[in-house]
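Asker: what follows is a predicted protein model with its sequence.
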Amino acid sequence: MPPEPSRSFVGVLLGFACVFFLFAKRDKKPPQDDAEILLQLAQSQMREAQAKNRERAVQAITQKNNLQALVDQTQKMVTRLEERAETARQADDLDLEQGLLAERGQYLLTLTQTQASLASAIETTEAVKTAMRREEERIRAQTAQALAMKAQQRQALIELAIEKSRLGMTTSYASDLFDRAQAKIQQAQARRDLMARVRQTAEVLEAAAEEAAHNGDAALSRRLLAERDELKRAALNPKLWSS
C-alpha cells in the first residue's frame, strides 16, 4: 500500500486550492462598465429620482391642504366675531362691540395673508403635478430605450459568438484582437449612453429648478441645482472612466 500523505502536505494542497478558488471567483466578477449593468444602474437612479419627486409632490399637496384648513378655520372665527359684535350692538354694549370688531380686524389680516399663501401653494402644487407627469413620461420612454439597448447588446453578443465560430482555429490570433476591439466599442457606447442620460437628467433638474425659482420657491430651486451638480460631479469622476 502507498504511504499516506502527511498532514502538512495536505494542508499545503488545501491552501493552494483556496487561493485558486478566490482568484477564479474574482475573475468571474462582472465588469463595472458592462453595458447591461450600466443600464440597470441608470434605471435604478431613475426610479430613485421618481420616488423623490413623488415625495416632493406629496409634501406640496400636504402644505396646500394645511393652508386650506387654516383659511377655513380663520374664516369661521371672523364670522363668529361678526355675529358676537352684532349681538353686542343690539344689546347697546358698545365697548364689547368695539373690542370684538378690533379682534375681527386682526383675524381678517391673518385671513388675507393666509389666502395669498394658499393661492401660491395651489399654483405650486399644479406646477409640481405637471412636472411629475412630464417626468413619468420621460422615464417610460427611457425605460423602453433601455430594454431596446439590452436587446441590441444581446444581439451583438450572439452575432459576435457566431463570428468567432466562423473564424475557426486557423485565425485564433485575430479572434483575440477582435474580442478586444468589440469590448472597447461596447465600452465606448455604454459610456456615451451613460453621459447622455446624465445630461438629460441634469437638464430636467435645471428646468425644475428654473420653474421652482419662477414660482418663488428658492429653497427647492437650490436643492434641485445641488442635485444636478452632484450628479455631474459623479458622472465626471475620473474613477468612473478608468479602464
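Answerer: That came in fine, so what should we check first?

Asker: residue 136 versus the residue most central in space within the chain, what's the distance?
Answerer: The residue lying closest to the centre of the chain (Cα atoms, centre = their mean) is residue 49, at 1.3 Å. Counting by Cβ to Cβ, to the nearest Å, the gap from residue 49 to residue 136 is 11 Å. For every residue, glycine as well, the C-beta is placed using N, CA and C.

Asker: with residue 208 instead?
Answerer: 14 Å.

Asker: show me the helices in this structure, by range?
Answerer: 7-27, 35-90, 94-167, 172-214, 218-235, 238-241 (DSSP state H).

Asker: around the closest residue to the residue nearest to the centre of the chain other than its chain neighbours, how many other residues sit close by?
Answerer: Counting by Cβ to Cβ, 6 or more residues apart in numbering, residue 49 lies nearest to residue 201, which is 7.0 Å off, once chain neighbours are set aside. By other Cβ atoms under 10 Å, 22 other residues sit near residue 201.

Asker: my guess is residue 201 contacts residue 230. True?
Answerer: No. Contact criterion Cβ atoms under 8 Å: residue 201 and residue 230 do not qualify, at 11.2 Å.

Asker: quick one on the thing from earlier: let's see the pLDDT reported for the residue nearest to residue 49.
Answerer: Turning to residue 201, the model gives it a pLDDT of 88.

Asker: what stretches of this structure score poorly on pLDDT?
Answerer: 1-33, 168-178, 240-243 (pLDDT under 70).

Asker: show me how it divides into domains.
Answerer: Domain ranges of the chain: 51-137, 168-243, per automatic domain parsing.

Asker: mind checking those for the one nearest to residue 153?
Answerer: Across these, the minimum distance to residue 153, taken as Cβ to Cβ, is reached by domain 168-243, at 7.3 Å.

Asker: from the middle of its chain, how far away would that closest one be?
Answerer: Centroid separation between domain 168-243 and its chain, computed with Cα atoms, centre = their mean, to the nearest Å, is 14 Å.

Asker: make 23 the first number, not 1, from now on.
Answerer: Happy to do that; since the first residue is 23 now, the last one works out to domain 190-265.

Asker: which residues sit in contact with residue 157?
Answerer: For residue 157, the contact set (Cβ atoms under 8 Å, 6 or more residues apart in numbering) comprises 71, 72, 75, 226.

Asker: what of residue 79?
Answerer: Taking Cβ under 8 Å, 6+ apart, one finds 147, 150, 151, 154 in contact with residue 79.

Asker: let's go with 10 Å and repeat that
Answerer: Listed by Cβ atoms under 10 Å, 6 or more residues apart in numbering, the contact set of residue 79 reads 147, 150, 151, 153, 154.

Asker: if I look at the second one, how far off is residue 235?
Answerer: As judged by Cβ to Cβ, residue 150 and residue 235 stand 14 Å apart.

Asker: equivalent analysis for the last one, please.
Answerer: Taking Cβ to Cβ as the measure, residue 154 falls 18 Å from residue 235.

Asker: could you do the first one as well?
Answerer: Between residue 147 and residue 235 the computed distance is 17 Å (Cβ to Cβ).
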